[in-house]
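Enquirer: Next input, structure requested:
(2 chains)
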Amino acid sequence: MSSSQYTYDENSETWPYFALSLAALVVIPTTISSIRSIVKHNQSSKRELQKNAKKLDQIKNFSKPYNYDHLQSFNSKFNSKNLYFNLKNLFNLFGIFLIFFLIRYINFKLANTDSTTSGIFDPFEILGIDSKSTEKQIKSHYRKLSLKFHPDKVDKSNLSQDEINKIEQTFININNAYKALTDDVIKENLEKYGNPDGIISVSRGIALPKFLIESQGFLLLIFYFLLIGFIIPFLVTKWWSNVKSYTKKGIHSKTAELFVKKILNYEPLTLMSPKLLISWLSNAEEFKIMFNNRLAPSKIQSLIYSYLDRSISTDKTDELNKLKIVSKLPTLLNGLIDIGSIVRSTDMVVSSITILKSISQAVPILNTQKQQLLQLPNVNFESVKLSNVHTLGKLLSLPKDQQKITLGISDDAKLDSTIEFISKEYPILKLLKAYFAVPGESVVPPNASSHLIIKVLVKSPAHHGNPNTQNFPSSLLHEVETMDSLRDPYKSTKSQPELPTAHSPFFPGTRKSNYIALLLLQKDGKLADPASTYENLSLQNLELSLDEYKSSINALNDNNDLDKNNKLIVGTFKIPLTQPTPPKPGNYQFRIRIFHSDYFGCDLDFPVIMTVEEPKIEEQTDQYEIEDPDEDSLAGVMAQLRGEKVKKSANDSDSDSDSDSDLDSSLEEEEEDWSDINTDTEDEAEPETKPVSKK
Amino acid sequence: MDFELPIAYNSVTKKVELDKPGHRDLENVIWDDAHLTLLETDIKQLNELTQNLISLNQDVPESPMPSPQLSIMVKKFHANGLKAIKEKKFQDAVKMFSLGLNLAVKRNKWETFKVTINEVTNLLNGRCDSYILLNDWPRAQQDADLLLNLQVNTFENFSRRSLCFLKMGLLDECKADLERGLAFFPNNLMLKNQLKIAEAALIEFNGDS
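Expert: Below you'll find the predicted structure:
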């Protein structure tokens, strides 16, 4: 009965199933992904709106970016990605219709096929009796039914042919069912295989309609020929050349090659200044492709500088090209940071970050620290350059009339909204604590994979006064190790809220801000690890008023009523070290620099020492060893007489560990050694002996 | 493969020069700017070495030991510079140290490098201090920069450069320098005091009081 031969789907019975599953396989994931992206977009835009509700008022007061019109035309040209009506969604819609159609088709087919020929054969159900009936009952019931349904007994005069057929089929079924219940062989078949005929033949087939394979075999052959000979190689080569021509960071491989070449040929005495890097960037392959080699690197460079100086030219294509170039720069700069990380050049990475910030804020690259003020909305460049104020914090501590002079804003309302914006937008980082940690270890052992935990306080430039970290409650400054944190130490940092988009009115497109962390060796000033980026940090502290900030700081310093008085949130960075800790114990000096990707004056720079220690030796004692007897038990006294070791009584050791008099310690030296071993190996050992081991 | 460098010998100046018009015409090799700058450095070094050899009037240099006459002269300039500082003639001191530096770096290129570094750092120390006393912070910072590159293992250099940064208002750089210095000399009181001053200045600078 069973056929080993594969057959094609001659009756077109199964191919809809095949097609359905194939379509579902493609359409369902893509549909889910596009729905998710739409939902996510809506959520984030809603969140942005909520967040910006307050900001909107102020922004109304801000002067429009000088390049507003050009930005608009640029955005309408290149950034108009419609979330709802794009090719992907059209494809999804088509797929859903196809699935719908296939389901309808299968349903239609199923409804038309005979239900009696398929399905499970249950003789009791056909006869309409209870499955516990005896043979006698079955026989009598069968007779009644056969009398009723026998084709010869039924009056066919006013029945249609269909109905006659149905009655005949019913009679056959009844006969079969009866036989199944009475005939031994059939009964056995039924019990074994669930079918009176024995093993059900299983036919395996290919779910393709036959006409596709046989009647037009020639066409198919041509199709296969084209597919294997041309289409697949073409697609693969295209894919591969695409993969090959762009690096993981999204820069063209020729650009990467150029950068590496420049680094290899660069003279060690020249400074890796932002200006040098801009000249490198203007030679990037991307711009050659973008403008078909029509723009010379020098022209590109001058366009970049004119963007940074916020100067505008009358040539419309120039302005458009400028924005095109600038929109490409962050990708290229990320590539530069990546390459700089590999060659461990601190200057290169820091300069790249400086350019990134300047691009985001459209602020010229200067050696002075005026960028902090130049990046603000509504400012007058000239008056900022003349003033002797450099920082946001200083600006916000000045009286109003001096703020006016410094920023060059004459309108009172404008000044107020600008100051309000500054205090809510620019997060100043203050270091609370930084230390190296190895999961599951109390010290940093040699050759371990460690990470740096940095606890920071985010504060607004309007928040004056620094926290005194020495008095801070240690629960805020230390990470508590849980099973979760052992499994993934970086999970807790990822659970912090995402950073908002940066205020970058001149930049074409939005800038998702993040933090870039560098780990430098004090020894040679070079990068110890590649630069890493962080997108999560709570900026909630910015919303606090100065009074709230001050009272929170005081509460933290005095360590009292934290729940009630402290409104500050402590942020965390965790920087993973790709290299293992040094093999020798000792102190290793690092310098950490954390940069905001968009704002000037929001960085952090501090030294940190890694103290590598050999972990305390944990001697494995046999768990099943018989414990030494207690000191004050009878067995203990006996053991003491024999000169063996005894376990100290709880009360004794308590007083011993407290009073560490010279006499005591000299007498108890042996005891201490012992208790050291005891406490380190068994967690559930008496806590009373613990203080002795802690030194 | 025929390979031709775009260089030519100039019989008037008796030097090898970069053959500017020629280098773009070569078919096989395209000289991009990076390679050209490298080649220029090589040519400069070649010319200097030749000049050194010619002025020696010998076929082979006698020894790689540094010439003692030059050392004496350099030392003289150094002593004069120190004397000028003591007399508070800082401009003269800068002049003396600069002359000494010019001499020190003009040693024949085959002489050992160790002595040169020593002399140069000594002279730079003096000049940097003179600039500091003159309140010429940018120049002092440049010298301190060089000093830090030449020898990291002296705390004075950290102190010098951080002072320049402090006076130029680059407080973050100042703090970073002092912290790096303290990484090497954790107990140095001078650096510690300077760091305290820098931190106080930073608080004022950031309006954080």
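Enquirer: who's in contact with the most centrally placed residue in chain B?
Expert: The residue lying closest to the centre of chain B (C-alpha atoms, centre = their mean) is B:L146, at 5.0 Å. Shown in contact with B:L146 (C-beta atoms under 8 Å, 6 or more residues apart in numbering or on different chains): B:L124. The way it works is simple: take the backbone N, C-alpha and C, and place the C-beta from them, glycine included.
Enquirer: Kindly give the local confidence score, pLDDT, for it.
Expert: Per-residue confidence at B:L146 stands at 90 (pLDDT).
Enquirer: quick one, phi/psi of the residue nearest the centre of chain A?
Expert: Centroid check for chain A by C-alpha atoms, centre = their mean gives A:K494 as the closest residue, at 7.9 Å. A:K494 adopts backbone torsions of phi -70, psi -20, taken as degrees, to the nearest 10.
Enquirer: Just to check, it is in contact with A:T572?
Expert: No. Contact criterion C-beta atoms under 8 Å: A:K494 and A:T572 do not qualify, at 10.2 Å.
Enquirer: low pLDDT regions in chain B?
Expert: The model of chain B has pLDDT under 70 over residues B:1-4, B:20-34.
Enquirer: Show me which residues of it sit near chain A.
Expert: Neighbours of chain A within chain B, by C-beta under 8 Å from any C-beta of the partner chain: B:34-35, B:37-38, B:41, B:169-170, B:172, B:175-176, B:179-180, B:182-184, B:203, B:205-209.
Enquirer: A:R310: how many residues sit nearby?
Expert: Number of residues near A:R310 (other C-beta atoms under 10 Å in any protein chain shown) recorded here: 16.
Enquirer: domains for chain A, by residue range?
Expert: Domains of chain A are assigned by automatic domain parsing as A:123-194, A:215-245, A:427-615.
Enquirer: now swap in chain B and tell me
Expert: B:7-55, B:64-143, B:152-209.
Enquirer: rewinding a little: can you redo the domains of chain A as TSV with mean pLDDT and distance to chain B?
Expert: As requested, these are exported to TSV (pLDDT from 0 to 100; distance: least, C-beta to the nearest C-beta, whole Å):
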stretch	mean pLDDT	distance to chain B
domain A:123-194	76	81
domain A:215-245	83	21
domain A:427-615	87	4
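Enquirer: between the ones you listed, which gets nearest to A:E285?
Expert: Comparing the domains of chain A against A:E285 with C-beta to C-beta, the closest turns out to be domain A:215-245 (8.7 Å).
Enquirer: quick one: the strands in the chain?
Expert: Let's take chain A. In chain A, the strands defined using DSSP state E lie at A:7-9, A:205-209, A:428-437, A:451-459, A:515-521, A:532-534, A:570-576, A:586-596, A:604-612.
Enquirer: that's the wrong chain, I meant chain B
Expert: B:7-10, B:15-18.
Enquirer: ok, and which of these has the densest surroundings?
Expert: Using mean count of other C-beta atoms under 10 Å in any protein chain shown, the stretch among those with the largest mean neighbour count is strand B:15-18, at a mean of 16.
Enquirer: Note down every partner strand of it and its orientation.
Expert: Here strand B:15-18 is paired, per DSSP bridges, with strand B:7-10 (antiparallel).
Enquirer: circling back to that earlier point, which among the residues of chain B next to chain A count as buried?
Expert: Buried subset of those (neighbour count, 16 or more other C-beta atoms under 10 Å in any protein chain shown): B:170, B:172, B:175-176, B:179-180, B:182-184, B:203, B:205-208.
Enquirer: rewinding a little: highest mean neighbour count out of the domains of chain A?
Expert: Compared across these, domain A:427-615 shows the largest average neighbour count, a mean of 17 (mean count of other C-beta under 10 Å).
Enquirer: Between the domains of chain A, which one is closest to B:M65.
Expert: Comparing the domains of chain A under C-beta to C-beta, the one sitting nearest is domain A:427-615, at 31.0 Å.
Enquirer: Check the offset of that closest one from the chain's centre.
Expert: Relative to its chain's centre, domain A:427-615 lies at 19 Å (C-alpha atoms, centre = their mean, to the nearest Å).
Enquirer: Can you give me the first-to-last residue distance of it?
Expert: Start and end residues of domain A:427-615 are separated by 39 Å (C-alpha to C-alpha, to the nearest Å).
Enquirer: Ok, stretch A:396-413 next?
Expert: 16 Å.
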